[in-house]
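Undergrad: Attaching a predicted model along with its sequence, questions to come.
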Amino acid sequence: MSSQRKTRTFEKRMSEVLGIRPDEVESVFRGARPTSIRVNRLLDDERYRETVEFVRDKAPGLIPVDWCEHAFLWPDNDGFDDILPLAHEGRVYLQNAASLIPPVALDAQPGDAVLDIASAPGGKAFHIAARVGNDCELWLNDSAPPRARKLAELAELYGVRYAELTTHNAQYIDKSVPAERFDRILLDVQCSGEGRVNLRKSDALRYWSEERIEKYKFLQAKMCDAAYKLLKPGGTLVYSTCTLSPEEDEFPVNKVLQRHSDLAVEPLGFSEEEFLPGLNSWRGAKFDKRLKHAVRVMPSDVFEGFFVAKVTKAAS
Ligand SMILES: C[S@@+](CC[C@H](N)C(=O)[O-])C[C@H]1O[C@@H](n2cnc3c(N)ncnc32)[C@H](O)[C@@H]1O
């Protein structure tokens, strides 16, 4: 497909998904989304305080995130060169603010058994560990061995303790890991990445296609089903993507809701103006009404496009 035709296909799809005109899509997907800063709460108290003071001094435009402790929006990314070395020392984690949502939604508690099924490079897993001061039994998994090795290095840098690091394929992970083992599971899957598309770049859609979306859709549904089996009764599963196509967002969650009657979709409990409810239909497919509690993050000057659903399993 020519790149112009691909761009038109993308614009048409995103205009339908976001409820905007095709000619408005370019302005939504026009830009570099700034990184946010999460100060690593696993640092000792003094180093933590020093780090907060340093970043606030070098980046006076920081805005604390009211639903996420130790994190700041950084709209202008002013002072970036001063702050970047802190990331190389494990003192801050730099990522788009949308990536702060899943660990907060997961809300792991001290002592929980937690599995992050697609962990690398580790931003969300490290955030989960930091929220409970390493007081959880954290299992990390990523099917790509080189990425898993990097994850192990970064976990050490950020002072994150984990119980296991495995390289299972998420869609079959239930064959290797005991059933009903975890209180909390994060499934932050590989996706078509539409939330990160910057249409100003000539190769922005190089890896994007509707065929790829169809392929991911079935894989992601299998991953959700495998994750369901590993979740304890009373446990919480957070499913997230950095994409906006309903095939990769509502569809896999809808499938797992259809298959298992003991699941519910919970509201996240915090919000931003970019947070929109999950869809209840898409191109003829109807979704479970409870998916309105899922959150689609509209791309903005702060957030990348993102999707998060918080699913709970009834206690037995
Ligand atoms: C969106 S990234 C995860 C980002 C990570 N959660 C974080 O916060 O840093 C998706 C990850 O899934 C891994 N992956 C891809 N296919 C997989 C599969 N079938 N099973 C498990 N992991 C997979 C990729 O190697 C990649 O690291």
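TA: All right, it came through fine.
Undergrad: Would you mind checking the average pLDDT for the strand ranked longest in the chain?
TA: Counting by DSSP state E, the longest strand found in the chain is strand 231-241. Strand 231-241 carries an average pLDDT of 98.
Undergrad: now do stretch 137-152
TA: Average pLDDT, stretch 137-152: 98.
Undergrad: Give me the contact list for that stretch.
TA: Residues outside stretch 137-152 that contact it (C-beta atoms under 8 Å, 6 or more residues apart in numbering) are 111-122, 125, 128-129, 155, 160-170, 173, 177, 182. All C-beta atoms are positioned from the backbone trio N, CA, C, and that covers glycine.
Undergrad: at 7 Å instead, please
TA: The set of residues external to stretch 137-152 that reach it, using C-beta atoms under 7 Å, 6 or more residues apart in numbering, is 113-122, 125, 128-129, 161-170, 173.
Undergrad: how about the helices in the stretch 151-300 of the chain?
TA: Secondary structure of the stretch 151-300 of the chain by DSSP state H, counting those that start in this stretch: the helices cover 210-230, 250-259.
Undergrad: can you list the domains in the protein?
TA: 36-95, 97-313 (automatic domain parsing).
Undergrad: so which of these is the most packed in?
TA: Stretch with highest mean neighbour count among the domains of the chain: domain 97-313 (a mean of 19; mean count of other C-beta atoms under 10 Å).
Undergrad: Low-confidence stretches in the stretch 101-250 of the chain?
TA: Scanning the stretch 101-250 of the chain for pLDDT under 70 picks out nothing.
Undergrad: interface residues of the stretch 101-250 of the chain facing the ligand?
TA: With C-beta under 6 Å from any ligand atom as the criterion, the stretch 101-250 of the chain meets the ligand at residues 118-124, 142-144, 147, 169-171, 188, 190.
Undergrad: For Trp282, give me its contacts.
TA: By C-beta under 7 Å, 6+ apart, Trp282 lies in contact with 246, 250.
Undergrad: likewise the one 10 residues further on?
TA: With contacts taken as C-beta under 7 Å, 6+ apart, Lys292 has the following neighbours: 277-278, 280.
Undergrad: Could you check how far it is from Asp225?
TA: 22 Å (C-beta to C-beta, to the nearest Å).
Undergrad: next one: Leu276
TA: Leu276 sits at a distance of 26 Å from Asp225 (criterion: C-beta to C-beta).
Undergrad: And Ala309, its phi and psi?
TA: Dihedral angles phi and psi of Ala309 (degrees, to the nearest 10) take the values phi -130, psi 130.
Undergrad: so it touches Pro267, yeah?
TA: No: in this structure, Ala309 is not within contact of Pro267 by C-beta atoms under 7 Å, at 10.5 Å.
Undergrad: isn't Phe275 right up against Val295?
TA: Yes: assessed by C-beta under 7 Å, Phe275 is found in contact with Val295 at 4.7 Å.
Undergrad: Just list whatever residues bridge to Thr236.
TA: Using DSSP bridges, the bridge partners assigned to Thr236 are Arg184, Thr312.
Undergrad: That one contacts Leu106, doesn't it?
TA: Yes: counting by C-beta under 7 Å, Thr236 does reach Leu106; the two are 6.3 Å apart.
Undergrad: and for the two, which residues touch both?
TA: Among the neighbours of Thr236, those also in contact with Leu106 (C-beta under 7 Å, 6+ apart) are Arg184.
Undergrad: follow-up on the earlier one: and the contacts of the longest strand of the chain?
TA: Against strand 231-241 from outside (C-beta under 7 Å, 6+ apart): 102, 105-106, 180, 182-189, 191, 224, 227-228, 248-249, 252-253, 306-316.
Undergrad: Please enumerate the helices of the stretch 1-150 of the chain.
TA: Assigned by DSSP H, counting those that start in this stretch, the stretch 1-150 of the chain shows helices spanning 3-18, 22-28, 45-58, 80-88, 101-106, 123-131, 145-157.
Undergrad: Make TSV out of the ones you listed and add distance to Gln258.
TA: Listed next are those as TSV, based on distance: least, C-beta to C-beta, whole Å:
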stretch	distance to Gln258
helix 3-18	22
helix 22-28	31
helix 45-58	45
helix 80-88	42
helix 101-106	22
helix 123-131	27
helix 145-157	32
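Undergrad: then stretch 123-142 to PDB, C-alphas only?
TA: Provided in PDB are the C-alpha atoms of stretch 123-142 (Å, rounded to 0.1, in the frame of the first residue of the first chain):
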ATOM      1  CA  GLY A 123       8.800   1.200  33.600                       C
ATOM      2  CA  LYS A 124       5.500  -0.100  34.900                       C
ATOM      3  CA  ALA A 125       6.900  -3.000  36.900                       C
ATOM      4  CA  PHE A 126       9.400  -0.700  38.600                       C
ATOM      5  CA  HIS A 127       6.600   1.700  39.400                       C
ATOM      6  CA  ILE A 128       4.600  -1.200  40.900                       C
ATOM      7  CA  ALA A 129       7.600  -2.200  43.100                       C
ATOM      8  CA  ALA A 130       8.200   1.500  44.200                       C
ATOM      9  CA  ARG A 131       4.500   1.900  45.200                       C
ATOM     10  CA  VAL A 132       4.900  -0.900  47.800                       C
ATOM     11  CA  GLY A 133       8.500  -0.300  48.700                       C
ATOM     12  CA  ASN A 134       9.500  -3.600  47.200                       C
ATOM     13  CA  ASP A 135       7.100  -5.400  49.600                       C
ATOM     14  CA  CYS A 136       5.500  -7.700  47.000                       C
ATOM     15  CA  GLU A 137       6.300 -11.000  45.400                       C
ATOM     16  CA  LEU A 138       7.000  -9.600  41.900                       C
ATOM     17  CA  TRP A 139       7.200 -11.900  38.900                       C
ATOM     18  CA  LEU A 140       8.500 -10.400  35.700                       C
ATOM     19  CA  ASN A 141       8.000 -11.900  32.300                       C
ATOM     20  CA  ASP A 142       8.800 -10.900  28.700                       C
END
